[in-house]
Every structure is written in structure tokens, then in C-alpha cells.
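Participant: what would the 3D arrangement of this be:
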Amino acid sequence: MRGPGEPSYHYRAEPLADTLARHRRAYLTKDRLVPYAVPATLVLLAGTFSVLKPQTFFTLGNAETILTTQSVLLVVALSLTVVLAAGDLDLSIGGMIGFTGVLVAWLTTINGIPIAFGLLLSLAAALLVGAINAVLIVKLSVNSLITTLAMGTLLDGLSTAFSNSETLGNIPSPVSTFANTRFLGVGIPFWYAIALLVLLWFVLGHTPGGRYVYFTGEGREAARLAGIQVDRIRMAAIVVSALGAWLAGLILLGQTGSAQAGVGDSFLLPAYAAVFLGAATIKLGRFNPLGSVVAVLVLAVGSTGLQLFGLANWVTEVFDAGVLIVAVAFAAMAIA
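Facilitator: Numbering: from 1, shown residues only. I've put the predicted structure just below:
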């Protein structure tokens with residue numbers, strides 16, 4: 001009962017139908033509609049440029065070119081998806097891409113080492129870089145951002161030393177064949193990326209190990225208390241990132257036919273933009289391979305469409321930078 005001088009409060013229960021409708025709208029908005037906003041953006045961009053530039057954009061040749069030229073970024077983004085899902089960062093991928101190309105070119109072209117042996121040595125170097133990053137980050141608890149940023153700078157320095165600040169050409173033909181063979185009109189590297197997508201989709205989404213990766217990224221202490229080998233998973237994810245950058249470096253070397261120090265650094269921000277934007281795609285709030293691939297295609301279609309209008313370079317740079325900012329903000333809101 002209300003005592004003397006106490007204010008009177010009136011409560012009105014929300015009708016059940018209104019409550020259900022409100023929850024249904026929230027469910028549809030966040031869990032059903034938001035995850036497909038990025039694919040819808042891809043369709044919208046492709047449709048818009050196809051209408052505006054039907055003779056140049058809406059062609060089979062242009063589609064084949066987009067898919068082929070984005071293979072390096074696809075491989076990098078997919079490998080980054082693993083390490084980000086495990087809760088760590090890897091900023092050394094740009095340096096690893098450039099160092100791989102320079103090392104292979106230096107070993108085979110400059111020193112005459114057989115291509116098979118040169119590839120094995122470059123693979124060993126990638127494994128070593130991944131292992132060093134993993135030990136520093138996981139075992140010695142050094143911040144992953146600082147560790148991998150320093151490693152990327154170190155690799156750029158080594159690339160400059162090996163190449164003597166020059167562009168190395170005359171790449172062995174097996175490397176060019178590896179990167180320039182076509183299947184169904186599209187460069188074979190794109191199909192390498194699709195194979196990697198299928199592998200990661202299966203491992204991360206349909207195996208206990210993949211679930212452990214996500215558990216580790218979402219809460220290390222909780223995962224450790226649940227009996228998950230957190231350190232082992234984190235180290236494996238970091239090594240996978242290094243191997244992905246190594247593969248991307250080989251593809252780039254074969255596609256361009258030359259090696260140059262620092263050439264991989266331009267892939268760093270787009271790769272992170274794609275992975276973060278992918279976290280707001282398909283599986284809301286989780287870094288996932290399919291989302292990363294869709295996000296890469298959004299970046300590629302947008303940049304290609306703007307270039308076909310003959311706009312100044314700064315326009316595409318503004319577009320890319322804007323997508324980076326929106327990607328991180330959108331992913332942060334989706335994960336929250």
C-alpha cells in the first residue's frame with residue numbers, strides 16, 4: 001500500500017503481441033539482416049558499376065581480371081582470419097610477402113640455386129619467422145602488435161639488403177607457371193585461395209580444433225580452465241599466418257615476374273580491413289573465412305569500378321581508406 005505523502009506510480013504492462021513484435025524486429029535486424037549487409041553491398045556495387053559502365057565493367061574479362069588480381073589479398077586475408085580468431089595480431093605479413101619474393105629471386109637468379117631448393121629454403125624461412133613470432137608472443141608474453149611490427153620492419157630491411165635496393169627480375173619459369181596458369185579463364189592462384197577457403201571453412205567451423213581457436217580468441221583463461229591447449233593453438237595460428245604470407249609472396253612473385261623490397265606492405269591494411277569487415281558478415285561477431293572473402297571482393301569491386309571512370313588516384317585511395325575505417329567500426333559494433 002502507498003504510504004502518506006508517497007507518490008503514486010502507474011505501471012502498464014506491455015501487451016504480449018507488442019513484446020513479441022519488438023523482439024522479432026531486433027532478432028531480424030541483428031541476427032538475420034546485418035550479417036548479409038556486406039554481401040548486399042557487393043551486389044549493389046557490382047550492379048551499379050555494371051549499369052554505369054556496361055562495356056567495361058560488366059564483362060567476363062573484367063570479372064576474370066578482378067578474381068585473378070585479388071588472389072594475393074585473398075590468401076593473406078584468409079591466413080589473417082586464423083590468427084585474429086585466436087586473439088592475436090600479425091603485422092609482419094607485409095614484410096613476409098616481400099621477403100619471400102626477394103629471397104627466392106636472390107637464391108635462384110643471383111646465386112643460381114635450383115628452384116626447388118630455393119623454395120624449400122624460403123619455406124623454412126617462413127616457418128622460422130612464424131616460430132620466432134610465436135615464441136615471443138606466447139611464451140615470453142611480448143605484445144603481438146610490437147613483436148610483429150618489428151618483425152615486419154626487420155624483414156623489409158633484410159629484403160633491401162638481399163636485393164641491394166634493386167628490383168630483381170628473370171624469375172625462374174616454374175614460379176611464373178605456378179602463378180599464371182589459368183583454369184576456367186581465371187588465374188590458378190584464385191583457385192588456390194578457394195582451396196584455402198574450403199580448408200579453413202571446414203577446420204574452423206566443423207572440427208573441435210577450429211572451435212578451440214574461437215574459444216581461445218574469445219576468452220583465453222576460460223578456454224584454459226576448460227582444458228584447451230591455449231598456448232599451442234595461439235602458436236599454431238601465428239605460424240599459419242606466416243605460411244599464408246609466404247604463399248602470397250610466391251603468388252605475387254610469379255604474377256609480377258619480379259621481386260622488390262617492401263612490395264608486400266601495401267597489402268597490410270586492405271587485408272585487415274577485409275578480415276574485420278568479414279567479422280560483420282555471415283557469422284556476426286566472429287572472424288570467419290567466408291566473410292573475409294566477401295569483404296575482399298567488396299574492396300576489389302569498389303576500387304575497380306572507380307578506376308574505370310578514370311578518376312584520379314586519390315579518389316580510390318580515399319575509397320580504400322574510408323572502407324578501412326568503416327570496416328573496423330562496423331565490426332566493432334557487430335562484435336559488441
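
Participant: for the nearest residue to Gly98 once chain neighbours are set aside, grab phi and psi.
Facilitator: Using C-beta to C-beta, 6 or more residues apart in numbering and skipping the chain neighbours, the partner closest in space to Gly98 is Gly264 (3.9 Å). Placement of C-beta: from N, CA and C, glycine included. Main-chain dihedrals, Gly264, degrees, to the nearest 10: phi -90, psi -10.

Participant: wouldn't Gly264 be in contact with Ser92 here?
Facilitator: No - using C-beta atoms under 8 Å, Gly264 is not in contact with Ser92; the gap is 9.8 Å.

Participant: how far away from the center of its chain is the helix or strand Gly130 falls within?
Facilitator: Per DSSP states H and E, Gly130 falls inside helix 115-134. Centre-to-centre, helix 115-134 and its host chain are 21 Å apart (C-alpha atoms, centre = their mean, to the nearest Å).

Participant: using CSV, write out the CA atom coordinates for the next helix or strand after that helix.
Facilitator: Per DSSP H and E, the first helix or strand lying C-terminal to helix 115-134 is helix 144-163. What follows is helix 144-163 as a C-alpha-only set of coordinates in CSV (Å, rounded to 0.1, in the frame of the first residue of the first chain):
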residue,chain,number,x,y,z
SER,A,144,51.8,-9.1,-30.5
LEU,A,145,51.5,-5.7,-32.2
ILE,A,146,55.0,-4.6,-31.2
THR,A,147,56.5,-8.0,-32.0
THR,A,148,55.1,-8.4,-35.4
LEU,A,149,55.5,-4.8,-36.4
ALA,A,150,59.2,-5.1,-35.5
MET,A,151,59.5,-8.4,-37.4
GLY,A,152,57.9,-6.9,-40.5
THR,A,153,60.4,-4.0,-40.4
LEU,A,154,63.3,-6.4,-40.0
LEU,A,155,62.1,-8.4,-43.0
ASP,A,156,61.9,-5.3,-45.1
GLY,A,157,65.4,-4.4,-44.1
LEU,A,158,66.7,-7.9,-45.0
SER,A,159,64.8,-7.7,-48.3
THR,A,160,66.6,-4.4,-49.1
ALA,A,161,69.9,-5.9,-48.2
PHE,A,162,69.4,-9.0,-50.3
SER,A,163,68.1,-7.1,-53.3
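
Participant: could you tell me the angle between helix 144-163 and helix 115-134?
Facilitator: Angle, helix 144-163 to helix 115-134, by axes from the mean of the first three to the mean of the last three C-alpha atoms, to 10 degrees: 150 degrees.

Participant: check which helices and strands helix 144-163 sits against.
Facilitator: Contact analysis of helix 144-163 by 3 or more C-beta pairs under 8 Å, 6 or more residues apart in numbering; DSSP states H and E lists helix 93-105, helix 115-134 as its packing neighbours.
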